[in-house]
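*Asks:* make a model of this:
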Amino acid sequence: MFGNMGYLRGNTLCDMLSADLELREGNFLVAGQLLRRCVQASQGKDGEIMTLSSGLLANSKRWKFLPSVENWRAVFLVHALRSGEQLEIYQALQFIGESFLHQHDSETAMNLLTLALGKFSQMDIHQNRAECMLHLGDISRDRGDLLQAVQLWSAARPLFERCSQKAEVGEIDTRLGTSNHNAQERSEEILAHLNSPTEGVGQDTGSEHGRRGKAGLP
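*Replies:* Below you'll find the predicted structure:
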């Protein structure tokens, strides 16, 4: 229809909106085909559509399975750098940081996610801030710093609530509940250890008393 009107951009916009709906419905193959078509149609011609379509392809949270998602993260970053859009640049860094986290490279992931978090905090982008905090909390937990993990998750929770991200709020509640349970168990173990009598105290005392008696000492 838009082609007959001479408005070719309209066709690409429709494809992009359709792809977003297909993603929501879980039709990943169809969504991927539509978004690739959007990228091909907009590359070097329409920066806005290129940003939106490549950004969707690069965002692994929107996909259950997309073998080439790693390549799209690089495409999205290159496009963002060329356009100079700060939000997209740091979103790309976040996506790449998440990729390293999935590959169990927590050090690189932490560096990239911390860098992205600083910019998102400066720009007051709630959802991206919360996503970075969620991942950084997971890294802290895996490194044994449960206090830092709880602080990050607790800070992320209200941000997810403001964005109406109910699933993510539920994930954080699960993490916090598990952390509190583990911390309580650890506290009980420590208290039990402190309150238990030291093994061998009686025997040692008796032996010492016997030695003193043999020596004629009181």
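
*Asks:* what about the spatially most central residue of the chain, which helix or strand?
*Replies:* For the chain, His135 is the residue whose C-alpha lies nearest the centre (C-alpha atoms, centre = their mean; 2.9 Å). Here His135, judged by DSSP states H and E, is contained in helix 126-142.

*Asks:* contacts for that helix, please.
*Replies:* Identification of contacts with helix 126-142 by C-beta atoms under 8 Å, 6 or more residues apart in numbering yields 61, 90-91, 94, 97-98, 101, 106, 109-110, 113-114, 116-117, 120-121, 146, 148-153, 155-157, 159-160, 162-163, 165, 168, 171-172, 175, 179. C-beta: built from backbone N, CA, C; applies to glycine.

*Asks:* quick one: average pLDDT of that helix?
*Replies:* Average pLDDT, helix 126-142: 97.

*Asks:* kindly report the same for stretch 179-199.
*Replies:* In the prediction, stretch 179-199 has an average pLDDT of 63.

*Asks:* from now on call the first residue 26
*Replies:* Sure, I'll start counting at 26 from here, so that last one is stretch 204-224.

*Asks:* what's near enough to touch the closest residue to Leu137 other than its chain neighbours?
*Replies:* With sequence-adjacent residues excluded and distances taken as C-beta to C-beta, 6 or more residues apart in numbering, Leu137 is closest to Gly122, at 3.2 Å. Counting by C-beta under 8 Å, 6+ apart, Gly122 touches 133-138, 141, 157, 160.

*Asks:* tell me the pLDDT at Gly72?
*Replies:* For Gly72, the pLDDT comes out at 89.

*Asks:* please disregard the earlier target; I meant Lys239.
*Replies:* Note for Lys239: predicted pLDDT of 47.

*Asks:* also Glu123?
*Replies:* With respect to pLDDT, Glu123 scores 93.

*Asks:* and it, helix, strand or coil?
*Replies:* Look at Glu123: counting by DSSP: H, G, I helix; E, B strand; the rest coil, its state is helix.

*Asks:* verify the stated contact: it with Ala83.
*Replies:* No - here Glu123 lies out of contact with Ala83, judged by C-beta atoms under 8 Å, at a distance of 10.1 Å.

*Asks:* out of those two, which sits in the more crowded spot?
*Replies:* More neighbours surround Ala83 than the other of Glu123 and Ala83, with 28 against 21 (other C-beta atoms under 10 Å).

*Asks:* grab the nearest non-local neighbour of that one.
*Replies:* Leaving aside its sequence neighbours, Ala83 sits nearest to Phe101 (C-beta to C-beta, 6+ apart; 3.8 Å).

*Asks:* same check on Ala141?
*Replies:* Closest residue in space to Ala141, ignoring its immediate chain neighbours: Gln119 at 4.2 Å, by C-beta to C-beta, 6+ apart.

*Asks:* list the contacts for the one you found?
*Replies:* For Gln119, the contact set (C-beta under 8 Å, 6+ apart) comprises 137-138, 141, 145, 153, 156-157.
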